[in-house]
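show me how the following folds:
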Amino acid sequence: METDGRRGAESAEGFREVSRGLWVEEPAKRYRMPDEVRTAAVRAVIIAAITLIQATIAFLSTLAGSWLAFPMVLSSVASTVVATWGVLDVWVTRQMWNQRGGVVSVPSSTARQLRRERRRARRAARSAARSADRGGARIRRGARTRGGAGAPETSAPEAGAHEAGGQEAGTGAATPRRAPASV
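Sure thing, here's the model as predicted:
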């Protein structure tokens, strides 16, 4: 297939309009960095580039035996300290932004704690609205009539045949259970 055919053209002479625009936006695979983090990252890259240039000049001038070697070595050491500070600045700025923005996956993060508090407040509001709609009458899970976790404990003679898995009161023999009539 020729190029014109792939582009949607009829031929080289009779070119028809292409349905697609010139610029097609594709969704980003990663989100854009926040401005503060991006600014710190650009600053760190520039400082690291200058440090590498200074180190290269210091090395070459040392090989050449130039008077510039000693000042460049001193400035390279100082630039290395500044470049380390720049990288730490990116890291600290990113952590600060993540905690304020709520993207940290650490359990002790401030953002997670705020979300947890908001979730609890929403649940409390929903349960208050439900109890107001029902008039406050609710069936509790633990309060069952037949030997549940919330049922009061009774002795074997008082419990009768319904308690303790269908055993007779006072005897150790189990009563046989029958299948329902529909089966």
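
can you point out the buried residues in stretch 85-101?
86, 89, 90, 93, 94, 97, 98 (16 or more other C-beta atoms under 10 Å). Just so you know, the C-beta spots here come from the backbone N, C-alpha and C atoms, and that holds for glycine as well.

now the helices for this structure?
Using DSSP state H, the helices of the chain run over 3-7, 35-64, 69-101, 110-134, 156-159.

turn those into CSV, including distance to residue 25 and mean pLDDT.
Output for these, formatted as CSV (distance: least, C-beta to C-beta, whole Å; pLDDT from 0 to 100):
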stretch, distance to residue 25, mean pLDDT
helix 3-7, 20, 53
helix 35-64, 20, 95
helix 69-101, 24, 92
helix 110-134, 30, 86
helix 156-159, 73, 49
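
and of the ones you listed, who's closest to residue 28?
helix 35-64 (14.1 Å; C-beta to C-beta).

of the helices of the chain, which is nearest residue 24?
helix 3-7 (13.9 Å).

could you find the closest non-adjacent residue to residue 50?
residue 79 (6.3 Å; C-beta to C-beta, 6 or more residues apart in numbering).

might you report the residue contacts of that neighbour?
47, 50, 51, 54, 55 (C-beta atoms under 8 Å, 6 or more residues apart in numbering).

switch to 10 Å and redo it
47, 48, 50, 51, 52, 53, 54, 55, 58, 72, 86 (C-beta atoms under 10 Å, 6 or more residues apart in numbering).

try residue 59
By C-beta under 10 Å, 6+ apart, the neighbours of residue 59 are 69, 72, 73, 76.

with residue 92 instead?
37, 40.

from residue 127, how far off is it?
Note on residue 92: its distance to residue 127, by C-beta to C-beta, to the nearest Å, is 41 Å.

also residue 62?
Residue 62 is 75 Å from residue 127, by C-beta to C-beta.

neighbour count for the two, which is higher?
Using other C-beta atoms under 10 Å as the criterion, residue 62 and residue 127 rank with residue 62 on top: 14 against 11.
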